[in-house]
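Colleague: With the sequence up front, the predicted model follows.
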Amino acid sequence: MHHRYQVYLRRFAIAAFLTLLLSPAIFYGWLCLLRPSRTDRQQVLFKGIVYQRRAISKPRPVTMHIVTVDLTAPGVKPLVTPGFPLGKGRKTSASTTSEFLGKFKLQLAVNASYFHHFSEKSPWDYYPHSGDPSYPLGEAISNGSRYSQPESDRAVLCFSRNNLAQILASGKCPADTVQGVAGKEMLVANGKVVISQIRGNKPYPRLAVAINRQGTKLWLIVVDGKQPFYSEGMTLLELAMTAINLGADAALNMDGGGSVTLVKGETNSPKVLNAPVHTKLPMRERPVGNHLGFYALPIDVKTSKSR
């Protein structure tokens with residue numbers, strides 16, 4: 001009996017050890033199963049907002065998400081994360097894209113500007129966490145209030161009072177801008193690619209904002225990356241060519257890497273439409289400095305036309 005007890009105890013110890021050893025791999029595998037499937041899809045999300053997912057195989061696996069926003073559609077209205085006044089050091093309170101969307105009851109949101117400070121050492125050792133002070137880089141305007149100054153090397157997306165968008169290489173929005181948010185490089189200007197083939201030539205998770213010449217249509221181009229066999233990312237040139245093929249007149253590179261997150265508002269809770277990879281964990285959202293979101297009407301809501 002004593003020998004049998006020792007055998008059972010030994011087996012239990014081995015099983016417990018193997019479970020402990022394999023648990024990180026099991027957890028990672030479970031997270032991978034939560035990612036959007038690698039299948040093409042198109043769906044009208046809200047009035048004026050259409051979502052498309054593309055599964056690309058060559059020259060490498062890429063899962064790309066494209067949102068087309070009709071800025072003339074009734075109910076469509078942009079919002080940039082509000083910040084603190086300039087006198088308080090252009091701060092925002094870091095939050096995930098889902099938190100931003102939920103707080104302001106938006107229908108769609110993405111991450112936006114580059115920001116500092118940032119560090120990522122392990123799944124539990126990173127900065128910022130939600131609620132920590134964060135400092136967006138480049139101009140940021142929310143509801144007509146500027147809380148981060150323009151920087152000449154950070155192009156900016158600007159929305160006017162009549163809901164028209166423009167992307168300016170100068171980095172500074174016009175005086176009547178209601179919402180404005182900076183990225184980094186111009187990818188497309190006047191309908192032509194302006195990014196060098198050398199710059200950003202490694203595949204990476206990417207986010208670009210693109211607009212048509214009239215400023216009435218906006219595209220969000222979200223590219224997942226850092227996930228072998230699922231999505232390995234795009235170069236900046238590939239991102240620019242994607243914008244050109246959509247018909248963009250101008251396109252701007254936004255914060256990429258683990259920051260890249262696209263979220264849709266739903267009745268019960270926000271739904272992440274892409275596969276973010278914060279701290280190397282799929283489907284984990286990164287708290288970031290600011291965001292770009294959109295209000296929109298449900299598809300089944302009728303809108304009256306003005307006479």
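Modeller: Sure thing, it's come through.

Colleague: Only C-alpha atoms from now on, for both contacts and neighbour counts.
Modeller: OK.

Colleague: wait, what's in contact with the residue nearest to Pro298 when sequence neighbours are not counted?
Modeller: Distance criterion Cα to Cα, 6 or more residues apart in numbering; nearest residue to Pro298, sequence neighbours excluded, is Phe46 at 5.0 Å. Residues near Phe46 by Cα atoms under 8 Å, 6 or more residues apart in numbering: Gln107, Ala296, Leu297, Pro298, Ile299.

Colleague: Now which of those residues would you call buried?
Modeller: Gln107, Ala296, Leu297 (16 or more other Cα atoms under 10 Å).

Colleague: Check the gap between Ala55 and Arg41 for me.
Modeller: 9 Å (Cα to Cα, to the nearest Å).

Colleague: So the two - more neighbours on which side?
Modeller: Ala55 (17 against 12; other Cα atoms under 10 Å).

Colleague: I'd assumed Val62 was in contact with that one.
Modeller: Yes: if you go by Cα atoms under 8 Å, Ala55 and Val62 touch, sitting 6.1 Å apart.

Colleague: Skip the chain neighbours and tell me the closest residue to Asp249.
Modeller: Using Cα to Cα, 6+ apart, the nearest residue to Asp249 is Gly191, at 4.0 Å.

Colleague: tell me the pLDDT at that neighbour?
Modeller: Predicted confidence (pLDDT) for Gly191: 98.

Colleague: Would you mind confirming that Tyr51 makes contact with His65?
Modeller: Yes: in this structure Tyr51 lies within contact range of His65 using Cα under 8 Å: 7.2 Å.

Colleague: if we can go back for a sec, against Asn212, how distant is the residue nearest to Pro298?
Modeller: Counting by Cα to Cα, the gap from Phe46 to Asn212 is 20 Å.

Colleague: Next: Leu79.
Modeller: 19 Å.

Colleague: Can you tell me the number of residues neighbouring Ala94?
Modeller: 26.

Colleague: how about it, what does it touch?
Modeller: Counting by Cα under 8 Å, 6+ apart, Ala94 touches Pro128, His129, Ser130, Gly131, Asp132, Pro133, Ser134, Pro287, Val288, Gly289, Asn290.

Colleague: Can I get the buried ones among those residues as something I can paste into ChimeraX?
Modeller: This is the ChimeraX syntax for the buried subset of those, where burial follows 16+ other Cα under 10 Å:
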select :128,129,130,133,134,287,288,289,290
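
Colleague: Pretty sure Gly258 sits against Arg286.
Modeller: Yes: in terms of Cα under 8 Å, Gly258 counts as a neighbour of Arg286; the distance is 6.6 Å.

Colleague: Please enumerate the shared neighbours of those two.
Modeller: Pro276, His278.
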